[in-house]
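**Q** have a look; sequence and predicted model below, questions after that.
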Amino acid sequence: MIRRSLLSAARSLAAGLLCLTAAGAALADSLPPPTAEYSARQRMTAAGDMIEARLFHSKGSERREFVIDGVRSILIRTPERILQIQPELGMALEMQPGEGPEAGPDPGNLSTLDAEAEGQETVAGLGTTRYRVRRGEASGGFEGRVWSTPDGIYVRVDGTVEEEGRSVPVTMELADVERGPQDPTLFQVPAGMRTMTLGPLQGRVPEAFRTDRK
C-alpha cells in the first residue's frame, strides 16, 4: 500500500536518528524536547514519494492518521508503547518502542541529537530556530537541518539518510499547526477494539498490519 521506497527510507531515517544518538558529533547545542501540545497536517517525502497525515501531539505522545489507497490507518506513539490501528478491521497491534520496522520514524528521537543553531526563521507561521545536524561516524545516519520551536515542535526536517549505500533525500513538514490541549483518548485504543501484542520473539508484524504490501 505505502510505496516500498518511502517506507524503506522512513525506516532508514529512524535508524539514522538512533545512530546519531550514540555517535553524533559533539556540537554546541541540542534540539528542544517535544513538550508542546498541538495538532497539524504533516507531509513526509522520501526518495520522491510522499505521504500526508493528520498529526496530534501531546508532551511526547503522538497520533498520526493517514489514508493510503482508501484504507485508513492510525499510528499512536507514547513513551511506553506503539499502537498500530486498523479501524475498518476493528483491530490494534501493540508494540514496545523500537519494535516493528513498519512503524516508521519517530520524530521524538530528534530531541536526543546534538545540533548546531544557525539562526531564527518563521516557518508555517511559527518562530523557529534552524539547527544543523551532521552525520556521525556510524552508518545509516541522518544529516541535514531541523527547524524547531522552543518547545519542540519540529516544523520542518530536511536532509538525507543512508539507504543501501546511497543518500536518500527526506523531508518532513508541518502545516496548519494549532496549539492547545489534546484529548487524552486520542492516544488510547478506541473502545471495542481488539488488541494484539507483538512479543519480542514473534518477529514480523502480522500481515493485516503491514504497510509495505503490494
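**A** Thanks, I have the structure now.
**Q** mean confidence score for the strand ranked longest in the chain?
**A** As assigned by DSSP state E, the longest strand anywhere in the chain is strand 166-179. Over the span of strand 166-179, the pLDDT mean works out to 92.
**Q** now it: buried residues?
**A** Across strand 166-179, burial judged by 16 or more other CB atoms under 10 Å covers 168, 170, 172, 173, 174, 177. (C-beta placed from N, C-alpha, C; glycine too.)
**Q** for the helix or strand that comes right after that strand, which outside residues touch it?
**A** Moving toward the C-terminus from strand 166-179, the first helix or strand encountered (DSSP states H and E) is strand 194-197. Here strand 194-197 makes contact (CB atoms under 8 Å, 6 or more residues apart in numbering) with 90, 91, 92, 93, 94, 95, 189, 206.
**Q** and strand 194-197, which strands flank it?
**A** Taking DSSP bridges as the criterion, strand 194-197 pairs within the sheet with strand 91-95 (parallel).
**Q** still on that earlier bit, which among the contacts of strand 194-197 end up buried?
**A** Going by neighbour count (16+ other CB under 10 Å), the contacts of strand 194-197 have 91, 92, 93, 94, 95, 189 buried.
**Q** thought the third one was touching residue 83?
**A** By that I understand residue 93. Yes - between residue 93 and residue 83 there is a contact at 7.1 Å, judged by CB atoms under 8 Å.
**Q** and for the nearest residue to residue 58 once chain neighbours are set aside, the neighbour number?
**A** If the residues on either side of it in the chain are set aside, residue 58 comes closest to residue 182, at 4.2 Å by CB to CB, 6 or more residues apart in numbering. Burial measure for residue 182: 17 neighbouring residues, criterion other CB atoms under 10 Å.
**Q** go on, the one 10 residues further on?
**A** For residue 192, the tally of surrounding residues (other CB under 10 Å) stands at 6.
**Q** does it touch residue 90 like I think?
**A** Yes - the pair residue 192 / residue 90 is scored as a contact, 7.0 Å apart, by CB under 8 Å.
**Q** quick check on the residue nearest to residue 58: phi, psi?
**A** phi -110, psi 140 (degrees, to the nearest 10).
**Q** helix, strand or coil: sort out residue 52 for me.
**A** strand (DSSP: H, G, I helix; E, B strand; the rest coil).
**Q** so who does it touch?
**A** By CB under 8 Å, 6+ apart, the contact list for residue 52 reads 41, 42, 43, 44, 66.
**Q** tell me the confidence at it?
**A** Residue 52 carries a pLDDT score of 92 in this model.
**Q** now residue 107
**A** Residue 107 is given a pLDDT of 59.
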